[in-house]
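J.: Return atomic coordinates for the entry below.
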Amino acid sequence: MAKKKTKKQIKKRSQVLSRKTKVNKKVDPLKSTKEPLVQKFIFVTGGVISSIGKGLSAASLGSLLEARGYKVSLMKCDPYINVDPGTMSPLQHGEVYVTDDGAETDLDLGHYERFTSNTLTRSNSVTTGQIYENVIAKERRGEYLGGTVQVIPHITNEIKARIFEAAQGSEIGIIEIGGTVGDIEGLPFIEAIRQMRVDLGTENTLFIHVTFIPYIASAGELKSKPTQHSVKELREVGIQPDFLICRSEKFIPPEIKSKIGLFCSVRPENVIAATDSKSIYEVPLALEREKLDELVLSRLGLDVHSSDMSGWTNFVDKMNSPKETVRIGIIGKYVDLKESYKSLHEALVHGGIENRSQVDVIYIDSEKITDKNVSKMLVDVDGVLVPGGFGERGIEGKITAIKYAREKDIPFFGICYGMQLAAIEFARNVCGFHDAVSREFSESVKKKSKNIVIDFMDEQKNEKNKGGTMRLGAFPCHLKEGSRVNEIYGESDIYERHRHRYEFNNRYKPIFEKNGITLSGVCVERDLVEIIEISQHSWFVGVQFHPEFKSKPLSPHPLFVSFVEASLSNQKKTKGFANSSRKKTVKAMSKKSRAEKEKGIII
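T.: Numbering: from 1, shown residues only. Have a look, this model is predicted:
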């Protein structure tokens, strides 16, 4: 029989429940809150032009608020109808960023993770495709009780539910709305955040609009009219911005800020100048100088704690005062859009700064590399990196570059597809399997080969769908004791993020090891080869995962730090020979071939 509770115990239990009720208090969507909520919401929109810098602005504000002691979450709402960007071409969308839990997301989530302490999940990214998919699934299950399913309220309610989910555990949620104000596909997201202001009250919500102030060189003037029209467009759908972040290539004087504030109904001090910076890592400091974080916290009724941006300041100081310069050649087929390799580029920058060096990234089109011109194409690089990718186009150029780096003892780093192609190159030119290919190659190529060195993983053999079906997310990898990567990481077990459908064929393990390849990283649970290296080479490492997704400015990934260090050593080792060799090579190049090379390389 249970003991009867005393009056004192009942009173204490009542107090506990009262506190819990206050924390978990539900918000009446028809009334503004009188008491501040546990969570505040900041919505970031963009206008005038696409790629205005909403993601960087949101990430930078996140870093500033974290520096003042607040727990921040960030989220991206993408209006496109794709469920995720996983099946989109990098030339259209840029890089596909992968989270620990295997979500394929927009590259802005990379900015969020690099600029803050957040480790994001699939809840931090939502698309129109996901919203409609969920709503239609609910309708099919009969969850709407026979009602007519409409954009308002069903789609907007689903959007709001996803925003609340992403903000769990944080004090301030920063939500970026993708696209440009006025885009028809973005209207449901704009309507959802308009409703959230009504639901939660003005004291708990804040709107930031990122816009553009063009400079007309012939007139020598900054023009605010595009911003005025962008804000007008936003106000027509019921949103009055509280802050404007104004991108410009020129300094925005106080009188222009006052004019913008007057015509846009925004306080002049809330018109934030965001003049073009030399580097994206200077943006948080630029916004701090404009007192954006202080003004935002005051507007939300939160305490303005002291800020500690010393680590970020030291990083920027190092970045702006390099002692050396190193050239890294990225051999890829998406080089026409550098955003395709965004995280890769930034990870190299982080690795360079850790070595007090500036990394000049040279993008080289793999389709233009041949056996005859490879020495000329790679003459200016101190290290070679072959990144991830898909398909057969451009692979022979990549394989040729890998062979050149291996034979000439140039530091080589292969990532995902780059690691697989390194295995194929080694099989062909060292192991003697001249017909070595990947299962990913075309049927005509595979029919001629008996040696498929890179093959399907077992669960992929009967998979027909392309979207969201690869090996995605963070998986464990055990490092071989005494190997190069074991020394680089300083530990035996690591977790790295993957995005691939094919793997090293274990039938070839013995012959590879016999010929000098060290299989230095293995997923023990699945018996999958994750890392290969050549110990006799100055630095030759191929990894099946994407280490660039875990590199941050204040915590650079060890593989990139080591690769840049090896490339610097290679530069010093070959400096005398390379300088004279490069001069002779460049001089010998015809005008035609030089033009072709410059066309294929984007610096």
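J.: contacts, neighbours, all on C-alpha from now
T.: Fine.
J.: Where do the strands of the stretch 501-603 of the chain begin and end?
T.: Using DSSP state E, counting those that start in this stretch, the strands found in the stretch 501-603 of the chain span residues 502-504, 517-523, 528-534, 540-543, 601-602.
J.: quick one: which of these is nearest M75?
T.: Closest to M75 of those, according to CA to CA: strand 540-543, at 29.4 Å.
J.: Can you flag the weakest of the strands of the stretch 501-603 of the chain by average pLDDT?
T.: With a mean of 30, strand 601-602 has the lowest mean pLDDT of the strands of the stretch 501-603 of the chain.
J.: Leaving out chain neighbours, which residue sits closest to the residue sitting nearest the centre point of the chain?
T.: The chain has G110 as the residue nearest its centroid, 2.5 Å off, counting by CA atoms, centre = their mean. Computed as CA to CA, 6 or more residues apart in numbering, the closest residue to G110 that is not its neighbour in sequence is Y97, at 6.4 Å.
J.: list the contacts for that neighbour?
T.: Listed by CA atoms under 8 Å, 6 or more residues apart in numbering, the contact partners of Y97 are E104, T105, D106, L107, L109, G110, F549.
J.: Could you single out the nearest of those residues to G62?
T.: Nearest to G62, judged by CA to CA, of those is L109 at 12.1 Å.
J.: Quick check: the closest one touching K76?
T.: Yes. Judged on CA atoms under 8 Å, L109 makes contact with K76 at a distance of 7.2 Å.
J.: Common neighbours of the two, please.
T.: Taking CA under 8 Å, 6+ apart as the contact rule, L109 and K76 both touch S125.
J.: So which elements touch the strand or helix carrying I174?
T.: Element membership for I174, per DSSP states H and E: strand 172-177. Judged by 3 or more CA pairs under 8 Å, 6 or more residues apart in numbering; DSSP states H and E, strand 172-177 is in contact with strand 40-46, helix 54-67, strand 72-78.
J.: So what touches the second one?
T.: Contacts of helix 54-67 with the rest of the structure, by CA under 8 Å, 6+ apart, involve 44-46, 71-74, 108, 111-112, 115-116, 174-176, 178, 210, 280, 283-284, 287-288, 292-293, 307-309.
J.: For it, which residues meet the burial criterion?
T.: Neighbour counts over helix 54-67 (16 or more other CA atoms under 10 Å) mark 54-67 as buried.
J.: For the residue nearest to G110, which residues count as its bridge partners?
T.: Y97 has the following beta-bridge partners by DSSP bridges: T105.
J.: was I right about A566 contacting H537?
T.: No. Using CA under 8 Å, A566 is not in contact with H537, being 10.9 Å away.
J.: So for the two, which sits in the more crowded spot?
T.: More crowded of A566 and H537, by other CA atoms under 10 Å: A566, with 20 against 17.
J.: so who does that one touch?
T.: Each residue near A566 by CA under 8 Å, 6+ apart is listed here: G383, P411, S538, W539.
J.: 7 Å - rerun?
T.: Contacts for A566 (CA atoms under 7 Å, 6 or more residues apart in numbering) come out as P411, W539.
J.: next one: N451
T.: Applying CA under 7 Å, 6+ apart, we find N451 in contact with F433, D435, A436, V437.
J.: any idea which of those has the most stuff around it?
T.: The most neighbours of any of those, using other CA under 10 Å, belong to V437, which has 26 neighbours.
J.: Distance of it relative to F545?
T.: Separation of V437 from F545 (CA to CA, to the nearest Å) stands at 20 Å.
J.: now Y112
T.: 20 Å.
J.: Strands of the stretch 201-350 of the chain, residue ranges please.
T.: For the stretch 201-350 of the chain, the strands defined by DSSP E, counting those that start in this stretch cover 205-212, 215-216, 221-222, 243-248, 271-275, 324-332.
J.: Need the ones you listed in TSV (columns: distance to G516, mean neighbour count and mean pLDDT).
T.: Listed next are the strands of the stretch 201-350 of the chain as TSV, based on distance: least, CA to CA, whole Å; neighbours: other CA atoms under 10 Å; pLDDT from 0 to 100:
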stretch	distance to G516	mean neighbour count	mean pLDDT
strand 205-212	54	25	97
strand 215-216	59	13	92
strand 221-222	62	15	92
strand 243-248	53	23	96
strand 271-275	53	23	95
strand 324-332	24	22	95
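J.: Any chance of those in JSON lines with distance to K232 as columns?
T.: Formatted as JSON lines, those follow (distance: least, CA to CA, whole Å):
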{"stretch": "strand 205-212", "distance to K232": "12"}
{"stretch": "strand 215-216", "distance to K232": "21"}
{"stretch": "strand 221-222", "distance to K232": "19"}
{"stretch": "strand 243-248", "distance to K232": "13"}
{"stretch": "strand 271-275", "distance to K232": "16"}
{"stretch": "strand 324-332", "distance to K232": "43"}
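J.: out of those strands, which comes closest to V374?
T.: Closest approach to V374 among these is made by strand 324-332 (11.2 Å; CA to CA).
J.: hang on, the earlier thing: dump the helices and strands packed on strand 172-177 into JSON lines; add mean pLDDT and distance to A347 as well.
T.: Output for the helices and strands packed on strand 172-177, formatted as JSON lines (pLDDT from 0 to 100; distance: least, CA to CA, whole Å):
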{"stretch": "strand 40-46", "mean pLDDT": "97", "distance to A347": "26"}
{"stretch": "helix 54-67", "mean pLDDT": "96", "distance to A347": "16"}
{"stretch": "strand 72-78", "mean pLDDT": "96", "distance to A347": "21"}
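J.: Can you report how many residues lie near E294?
T.: 19.
J.: Got phi/psi on the residue lying closest to it once chain neighbours are set aside?
T.: Computed as CA to CA, 6+ apart, the closest residue to E294 that is not its neighbour in sequence is V304, at 6.2 Å. For V304, the backbone dihedrals (degrees, to the nearest 10) come out as phi -90, psi 90.
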